[in-house]
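Chemist: just the structure for this:
(2 chains)
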Amino acid sequence: MTTTVVAKKTFAHGVHPPTHKDGTVKREIRQFPFANVLIIALSQHLGAPAKPIVREGQEVRRGEKIAEASGFVSVTMHAPVSGIIKKIGWAPSLTGKMVMSIFLESYPASGQTVEPSAPCDVNTATPEEIIAAIQEAGIVGLGGAAFPTHVKLKVPPDKAVDTLIINGVECEPYLTTDHRVMLEQQDDIFMGIRYILKATGAKRAIIGVEANKPDAILSLRENIPSDLPVTVEAVKVKYPQGAEKMLITALLDREVPSGGLPADSGSVVVNVATTAEIGRLLPLGRGIIERSITITGPGVEKSGNYLIQIGTPLRYALEQAGLKKNATRVILGGPMMGFTVSSLDVPITKGTSGLLVLTDHESQLTIRKEYPCIGCSHCLDACPIFLNPSRLGRLAKFKQYDAMAGEYNLMDCFECGSCSYVCPSNIPLVHYFRVAKGIIRDKKAAS
Amino acid sequence: MLVILTAVGAMAGLTIVLSLLLVFANKKLYVFEDPRIDIVEDMLPHANCGACGFPGCRPFAEALVSNNATPGKCTVSTEDGRVAIADFLGVDAGSEEKRVARLACAGGSNVSRNRAVYEGISSCRAAAQVAGGGKVCSWGCLGLADCEVACTFDAITMNKYGLPVVDEEKCTACGDCVDICPKDLFSIHPISHRLWVSCKSLEAGDEILEYCEVGCTACGRCAMDADNNLIKMENNLPVIDYTKNSQTQKPIQRCPTGAIVWLEPDGSVTKGEKSPKVLRKSHLPILNS
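Modeler: This is a model prediction of the structure:
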């Protein structure tokens, strides 16, 4: 049965990369085997690293708290398996920096049942209690940025939020986890919306889904509980439609001011998988110990959507999924905004939405000679926030960082990669911008 | 004819009025500035490097004239230049110990391994954005020469193993390399600090030797051998207390990897008796994993 959904809502500019989703979109989320040693990074979210509350050699049960939040912008960590804490030491992370991590050896004989805990009831809990429970559950943005969700839901007292947007766009090529979550975990999503509506005080919720997921849109629309003010809106298939600010523009026709937050435009955007986790974990009082990811790409044998333990090392994940001989590049996340990793000892973190393996053939396609800018302005037509990537690129080459940050608003760039994608001269614009942003941030910190 | 005369007359009149205005402004709105500032600024090297601690040569000249600094602060000018400024101003030249940039990494490509190939913009800052570059050691030098490019004085050159080498003669301690290095490996030190820890790895134990032969294993022998609590172990690295007398080669002798060294004035590096000599002249292959 083929169904189509007509979508008109979208933002201006953007690009249309091939989606590559057919390989995994029909595969249901399946349980992934447990690795022998899990590496739980203490800093797998934005903000302050968590503080470990276990010692080496200690036995922990699955779901037990092993690290606590060290501030407001920080979250709790829970043991993904029952086992023994082997050591607390340095482990590589996807950014290349070594981060303090808990090495947890799992008990093969354990039943791996999850610890019972104190639940948070949506009907009786106050907004503050819900926000505290979300922090305690260790929930961060599962779309990729891993920003602690409770910080996002804590609306500043001088602002009001009227609309909650649930982000089910998943515009990154290859990834299909959010699509599967929307098909398989609808009750959890609606429960999560109840919690978030209460926590933020928003009056209505909109689930934004790209029009290339008609089955998800139609089945979500059918199953909306009658007492919940939720609508499901289809948006046009375009990258980066899933970016927070682009989705607000598409659905509400509001613009988030430069340097502002979604709350400045009266909305809060939460990823659909994050919403499902809130709806699933809070009634049970549990913490997040596993997440669904897409393991895909031409370099893997058994591509699909898997429920995987947080902390599973990539080496183990790729052994289980089967690596082809000519696989050369491993990307955490999608191909547009994901991170290429340099070590297979990097673990799956809460923010990992996909594991993409490319072969020699695709890797070679991305390594192209850089030519001078010909001023074609393709990048201007691609940039979703109306910057001038062409001029910014030239300024970056001449190290004019002050002009980039001032006159050309570089700091608004959220590194979606559309400009690099369309550049006929193969200029790695986003890479230049990330370097420039790093230097500008360093300068600001120094002065 | 009359038209031309009118035009010339009008322009001449305007010129006289405006020039009178300028004369008036010059006399009435004159701000006194010590003429010596200009002269001293001319005597300075115009490098605007900031090594003196002032934003550039002009502010430094102002400080010199108002006696808030001594000419010795300028490490870029020659000894004769400093004396000339001191004589001109009638002050003591003052002596400032020459300071140089020092690199806290010895992991060239002949002793330290990569585990991935980085393909992208050839710059350390850019490589550090992509999974930290290909190097296994996440604290070590990436070897893509951002410091060499940043150095205004050509004091930094990359050796054939991809490590920057600082020319102590040319280095003015301006700090540009310190700012640009994404791994924070450079720091500015008085030239007499010759006892040096050339490693920043926070890892403890012999695992480090799998990927870097000259890394610090945090064994603590140097701290034990040093007199007078000169060296303390902090975060798995020896920290030298330069306020104490560091003119001793005793702590380097038993170092099992050669991570703590003695930097000779001629640019060579002396390692301890027990430290293994690095004889390999080729690059190490990519770590196979």
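
Chemist: looking at this, residue A:24 is in a helix?
Modeler: Yes - per DSSP: H, G, I helix; E, B strand; the rest coil, residue A:24 lies within a helix segment.

Chemist: my guess is it contacts residue A:296, does it?
Modeler: Yes - using CB atoms under 8 Å, residue A:24 makes contact with residue A:296 at a distance of 5.0 Å. Just so you know, the C-beta spots here come from the backbone N, C-alpha and C atoms, and that holds for glycine as well.

Chemist: what is in contact with those two at once?
Modeler: A:174, A:176, A:303, A:304 (CB atoms under 8 Å, 6 or more residues apart in numbering or on different chains).

Chemist: farthest pair within those residues?
Modeler: Using CB to CB, the shared contacts of residue A:24 and residue A:296 reach their maximum pairwise distance at A:174 and A:304, which is 12.2 Å.

Chemist: overlap in contacts of these two?
Modeler: A:24, A:294, A:296.

Chemist: for the chain, longest helix please?
Modeler: Picking chain A for this. Identified as the longest helix of chain A according to DSSP state H is helix A:429-446.

Chemist: not quite, I wanted chain B
Modeler: With secondary structure taken from DSSP H, chain B has its longest helix at helix B:2-28.

Chemist: residue B:228 belongs to a helix, doesn't it?
Modeler: Yes - the assignment for residue B:228 (three-state DSSP) places it in a helix.

Chemist: please tell me how far the residue lying closest to it once chain neighbours are set aside sits from residue B:193.
Modeler: Nearest in space to residue B:228, with sequence neighbours left out and distances taken as CB to CB, 6 or more residues apart in numbering or on different chains, is residue B:244 at 5.8 Å. Separation of residue B:244 from residue B:193 (CB to CB, to the nearest Å) stands at 11 Å.

Chemist: confirm for me that residue A:316 is in contact with residue A:35.
Modeler: Yes - using CB under 8 Å, residue A:316 makes contact with residue A:35 at a distance of 4.1 Å.

Chemist: strands along the stretch 1-150 of chain A, start to end?
Modeler: For the stretch 1-150 of chain A, the strands defined by DSSP state E, counting those that start in this stretch cover A:30-31, A:37-41, A:51-52, A:59-60, A:65-68, A:77-78, A:83-92, A:98-106.

Chemist: mean neighbour count, those: which tops it?
Modeler: Comparing those by mean neighbour count (mean count of other CB atoms under 10 Å in any protein chain shown), strand A:77-78 ranks first with a mean of 28.

Chemist: quick one, what contacts the one residue in the stretch 301-447 of chain A that gets nearest to chain B?
Modeler: Chain B sits closest to residue A:342 of the stretch 301-447 of chain A, with a gap of 3.8 Å, by CB to the nearest CB. Neighbouring residues of residue A:342 by CB under 8 Å, 6+ apart: A:92, A:96, B:115, B:116, B:118, B:130, B:131, B:132, B:133, B:134.

Chemist: how far away is the nearest residue to the second one once chain neighbours are set aside from residue A:445?
Modeler: This points to residue A:96. Once flanking residues are discounted, residue A:96 sits nearest to residue B:132: 1.7 Å by CB to CB, 6+ apart. According to CB to CB, residue B:132 and residue A:445 sit 20 Å apart.

Chemist: among the two, which residue is more densely surrounded?
Modeler: Relative neighbour count places residue B:132 above the other of residue B:132 and residue A:445, with 28 against 7, counting by other CB atoms under 10 Å in any protein chain shown.

Chemist: give me the helices and strands touching the lowest-mean-pLDDT helix or strand in chain B, please.
Modeler: Counting by mean pLDDT, DSSP states H and E, chain B has its least confident helix or strand at helix B:79-89, which shows a mean of 86. The contact analysis (3 or more CB pairs under 8 Å, 6 or more residues apart in numbering or on different chains; DSSP states H and E) places helix B:79-89 against helix B:35-43, helix B:57-65.

Chemist: export the ones you listed as CSV, with columns for mean pLDDT and mean neighbour count.
Modeler: Formatted as CSV, those follow (pLDDT from 0 to 100; neighbours: other CB atoms under 10 Å in any protein chain shown):
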stretch, mean pLDDT, mean neighbour count
helix B:35-43, 89, 15
helix B:57-65, 90, 21
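
Chemist: and the ones you listed as a markdown table, adding distance to residue A:355?
Modeler: Output for the helices and strands packed on helix B:79-89, formatted as a markdown table (distance: least, CB to CB, whole Å):
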| stretch | distance to residue A:355 |
| --- | --- |
| helix B:35-43 | 60 |
| helix B:57-65 | 54 |
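
Chemist: relative to residue A:269, which of these is closest?
Modeler: Between those, helix B:57-65 lies closest to residue A:269; by CB to CB that is 48.1 Å.

Chemist: hmm, back to that, widest-spaced pair of the contacts of residue A:342?
Modeler: Distances among the contacts of residue A:342 were taken as CB to CB; the most separated pair is A:92 and B:118, at 15.0 Å.

Chemist: what about residue B:150, distance to chain A?
Modeler: Residue B:150 is 9 Å from chain A, where distance means CB to the nearest CB, to the nearest Å.
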